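K.L.:
Next come a sequence and a model predicted from it.
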Amino acid sequence: MLTFTIRRLLLAIPTLLFISLVIFLLLELSPGDPLGDVPLTVPPEVKERMREALGLGQAWYIRYVLWLKQFFWVEPLHWFDQVFGTSFSAGMQRVISFQSRSPVFDVIAQRVPQTLTVVGLSYLIGVLIAIPIGIISAYKQYSWFDQLGTFVSMIGFSMPTFFTGVVLIIIFGVKLQWFPSVYDTTLVVRDWDSFLAQVRQMVMPVTVLALYNAAQISRFMRASMLNNLGQDYVRTARAKGLSEKTVVLKHVLRNSLIPVVTVIALGLPAVFGGAIITEQVFKVNGLGQLLITAIHANDIPMVLTLTFIFAILIVLFTLIADIVYGLLDPRIRYD
């Protein structure tokens, strides 16, 4: 397993470098100008100096190599200095946002807590709901519980999150006024009242995303359980006199989780990426909204850094899913 992990990590290096180059070239070829919002009254020579200050006067390959150096060398040194109080990164240029003129990683660090609070909690709740529903639905196939679970899953999976978000806002935010329709990102939890206010404003966005995630994962869980319940080893386990609880939860569930792990692992990077549409609907000031704003402003360093971080997370969690395969199924051996 260790050899497989090291080999996959080494293979991930050229893969991620190629992904970063593709993302950079796509952004480079995309229409738009980072200085497009500069007033027309600004003289051309001043505008040209602004372009030079942003590094836009250099060739694309020089800017790409400079970004790689900043991402893989300068930024890690900066965070190392922040933790241990050293000064290795003193005087080095960090990745700077065109839009805010602030270091990109500082802006991302400010948005991560909002995204993890809302999107991360919704994903966790969705997984915890989906797995039991999928198990019970498969074990009691065609029962009223299975029919109800299938109906709710189809609704949650077929309706887009922006639609269910707007419906919840109209019903519970406008008509009943139970929950706030706009997420207050400036709220700081200091006491019990502020904690309740935080919970109230999280209910609707978390519900929307949890319903969507649970609908998808529960369908995979049910299908995987049904596939394993009809296998020969299940009949053998029952013939040996094992209890039904042991057969289902120890033997069937363990094998059924193997394909579901892939779905869960590949969905985790979306937690850090934020549910872009849902964050826009509820005005959650997270990473998803940050990405949309950066795209509109042609903020190439911000868009490039965010999308590359998402690519790293996808490669990382894919590797984690493969490792978990070996833990769940002893037949799988990588070495």
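P.N.:
Nice, thanks for sending it over. Numbers count the residues shown, from 1 in each chain.

K.L.:
quick one: low-confidence parts of the stretch 151-300 of the chain?
P.N.:
270-275 (pLDDT under 70).

K.L.:
show me where it has helices.
P.N.:
161-168, 192-229, 232-239, 244-246, 253-273, 276-282, 287-296, 300-328 (DSSP state H, counting those that start in this stretch).

K.L.:
so which of the ones you listed is the most packed in?
P.N.:
Across these, averaging neighbours per residue (mean count of other CB atoms under 10 Å) puts helix 276-282 on top, at a mean of 22. (Each C-beta comes from the backbone N, C-alpha and C, glycine too.)

K.L.:
just to revisit the earlier point, mind putting the helices of the stretch 151-300 of the chain into JSON lines with distance to Ser137?
P.N.:
Output for these, formatted as JSON lines (distance: least, CB to CB, whole Å):
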{"stretch": "helix 161-168", "distance to Ser137": "21"}
{"stretch": "helix 192-229", "distance to Ser137": "5"}
{"stretch": "helix 232-239", "distance to Ser137": "17"}
{"stretch": "helix 244-246", "distance to Ser137": "16"}
{"stretch": "helix 253-273", "distance to Ser137": "12"}
{"stretch": "helix 276-282", "distance to Ser137": "26"}
{"stretch": "helix 287-296", "distance to Ser137": "31"}
{"stretch": "helix 300-328", "distance to Ser137": "21"}
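
K.L.:
Relative to Pro113, which of the ones you listed is closest?
P.N.:
helix 287-296 (10.3 Å; CB to CB).

K.L.:
And the helices in the stretch 1-150 of the chain?
P.N.:
Under DSSP H, counting those that start in this stretch, the stretch 1-150 of the chain gives helices at 2-29, 44-53, 60-69, 75-84, 104-115, 121-139, 144-158.

K.L.:
quick one: contacts of the fourth one?
P.N.:
Helix 75-84 is contacted by residues 86-90, 92, 94-95, 103, 105 when judged by CB atoms under 8 Å, 6 or more residues apart in numbering.

K.L.:
hang on, the earlier thing: export the helices of the stretch 1-150 of the chain to CSV and append columns for distance to Leu196 and mean neighbour count.
P.N.:
Listed next are the helices of the stretch 1-150 of the chain as CSV, based on distance: least, CB to CB, whole Å; neighbours: other CB atoms under 10 Å:
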stretch, distance to Leu196, mean neighbour count
helix 2-29, 42, 13
helix 44-53, 47, 12
helix 60-69, 44, 15
helix 75-84, 34, 14
helix 104-115, 18, 18
helix 121-139, 16, 20
helix 144-158, 27, 15
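
K.L.:
Confidence-wise, which of these is weakest overall?
P.N.:
Out of these, helix 44-53 stands lowest, with a mean of 68 (criterion: mean pLDDT).
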